[in-house]
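In: model the following, please.
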Amino acid sequence: MSAVATRVRPAVKVAGLRKAFGDQVVLDGIDLEIPEATVLALLGSNGAGKTTTVRILSTLLPADGGEVEIAGFDLGREPSLVRGAIGVTGQFSAVDSLLTGEENLLLVADLGRLDRRAGRRRAAELLERFELSDAARKTVATYSGGMRRRLDLAMTLVAQPQLVFLDEPTVGLDPRSRRTMWEIVRELVADGVTILLTTQYLDEADELADRVALLDRGRVVADGTPEELKRRIPGGHARLWFRDAAGRDAAARIVGGAARDDDALALRIPTDDTPEALRDLLARLDGLGIERMTLHTPDLDDVFFAVTGGHGDGRETA
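Out: Numbers count the residues shown, from 1 in each chain. Next comes the predicted model:
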């Protein structure tokens, strides 16, 4: 097999994407690339441009400029082919509460022009996959929030899209339902589906994303794997608790730069998470009555606030 044949094609390529609403610039030259069968998490404050990006890439909103290729199709010239390759699940469920779960899926199958037998087979497969078989013939009005969200995603998958946009997919779900949705996302990627995820939960992005793109004021200000982004940010520290104030004070004199917690007999000492650094720190403080220690390394929350300053005006038109 040739090198050309084995090369992985990006599922999404975005170059210089721009969008404004009147005088408000929402996207100011976005560049993104998502390899097939991976998850890209798009993060940012309210008003950063996440929802606008998803609406443009899913053909719901025209761009003002830039080039977009999805599943090998040009978004501007071939929007109908793009629509045939994608599925969109928003934060607000699109299911019909008056229909049963099975009827919702069969309706989507009919709209997608699957023949009756193929539609019923696909609906049954998805009901089983999303653990909805027992509730298949109950009206959706009786479903819990997690069940509705799973059905919504199942409806998105009836046509077997290559790329799925998950816009805030776990908003309002309880922890168990969130974990279930995470497992479903992992299974989809293992089956070759590409995911563009927008989420307000940074732990969700850390858990699911192969890469993270951080939007701020319409621009991508950071892009990389979660680990790459976290390594860019200082702020790792060890927190040590001491048996008495004498030991704590002696340790503070030895290491320097430590933040003191008088009430807890503790010190916060800047360090990284390498074994060498921790061994050196403990060796220097040997015999001073350390009772316990915790280690903090930067997370995506730290990255977000370091890169954006935590700002966001809360506005995002469209």
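In: verify the stated contact: A252 with L267.
Out: Yes. Here A252 lies in contact with L267, judged by CB atoms under 8 Å, at a distance of 5.9 Å. All C-beta atoms are positioned from the backbone trio N, CA, C, and that covers glycine.
In: which one of those two has more residues nearby?
Out: Counted by other CB atoms under 10 Å, A252 and L267 do not tie: L267 has more neighbours, with 24 against 16.
In: which strand residues bridge the residue nearest to G90 when sequence neighbours are not counted?
Out: Nearest residue to G90, sequence neighbours excluded (CB to CB, 6 or more residues apart in numbering): D167, at 4.7 Å. D167 has these beta-bridge partners by DSSP bridges: T198.
In: ok, now how distant is D167 from R248?
Out: Plainly put, D167 is 49 Å away from R248 if you go by CB to CB, to the nearest Å.
In: can you check D299 too?
Out: 27 Å.
In: so A20, which of the three states?
Out: Three-state call for A20 (DSSP: H, G, I helix; E, B strand; the rest coil): strand.
In: partner residues bridging it?
Out: With DSSP bridges as the rule, A20 is bridged to V25.
In: same question, A238
Out: Under the criterion used (DSSP bridges), A238 bridges to I269, L295.
In: what's the neighbour count on it?
Out: 22.
In: contacting residues for it?
Out: Shown in contact with A238 (CB atoms under 8 Å, 6 or more residues apart in numbering): R268, I269, T271, L278, L281, M293, T294, L295, H296.
In: can you give me the strands for the protein?
Out: 10-21, 24-35, 39-43, 65-70, 73-74, 86-89, 163-167, 194-198, 211-216, 219-224, 237-242, 259-261, 266-270, 290-296 (DSSP state E).
In: avg pLDDT for the last one?
Out: Throughout strand 290-296, pLDDT has a mean value of 91.
In: check the shortest one too.
Out: Mean pLDDT, computed over strand 73-74, is 97.
In: what's in contact with that strand?
Out: So strand 73-74 is contacted by E67, V68, L81, V82, A85 (CB under 8 Å, 6+ apart).
In: what's the neighbour count on the residue nearest to the last one when sequence neighbours are not counted?
Out: Right, A85. Spatial nearest neighbour of A85, excluding adjacent residues (CB to CB, 6+ apart): A71 at 3.8 Å. Per other CB under 10 Å, the neighbour tally for A71 reads 19.
In: among the contacts of A238, name the buried ones.
Out: Among the contacts of A238, those buried by neighbour count (16 or more other CB atoms under 10 Å) are R268, I269, T271, L281, M293.
In: got CSV for these, with distance to I30 too?
Out: Output for these, formatted as CSV (distance: CB to CB, whole Å):
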residue, distance to I30
R268, 38
I269, 40
T271, 37
L281, 42
M293, 43
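In: farthest pair within the residues you listed?
Out: Across the buried ones among the contacts of A238, no pair lies farther apart than R268 and L281, at 12.3 Å, counting by CB to CB.
In: ranges for the helices of the stretch 1-150 of the chain?
Out: 3-6, 50-57, 79-85, 101-111, 116-129, 145-156 (DSSP state H, counting those that start in this stretch).
In: can you pick out the most distant pair from the contacts of A238?
Out: Maximum distance among those (CB to CB): 14.6 Å, for R268 and L278.
In: now P161, nearest residue through space, not along the chain?
Out: Per CB to CB, 6+ apart, closest to P161 is G87, 3.7 Å.
In: what's the answer for V303, then?
Out: Per CB to CB, 6+ apart, closest to V303 is L229, 4.8 Å.
In: list the contacts of the one you found.
Out: Residues in contact with L229 (CB under 8 Å, 6+ apart) are V212, L214, A222, L300, V303.
In: D244 is in contact with A251, isn't it?
Out: No. With contacts counted by CB under 8 Å, D244 stays clear of A251, the gap being 11.1 Å.
In: ok, these two, which is more surrounded?
Out: A251 (21 against 12).
In: hang on, isn't that one packed against L240?
Out: Yes. Between A251 and L240 a contact is recorded at 7.0 Å, counting by CB under 8 Å.
In: list the residues that contact both of the two?
Out: With CB under 8 Å, 6+ apart as the test, A251 and L240 both reach L267, L285, I290.
In: done for today, thanks.
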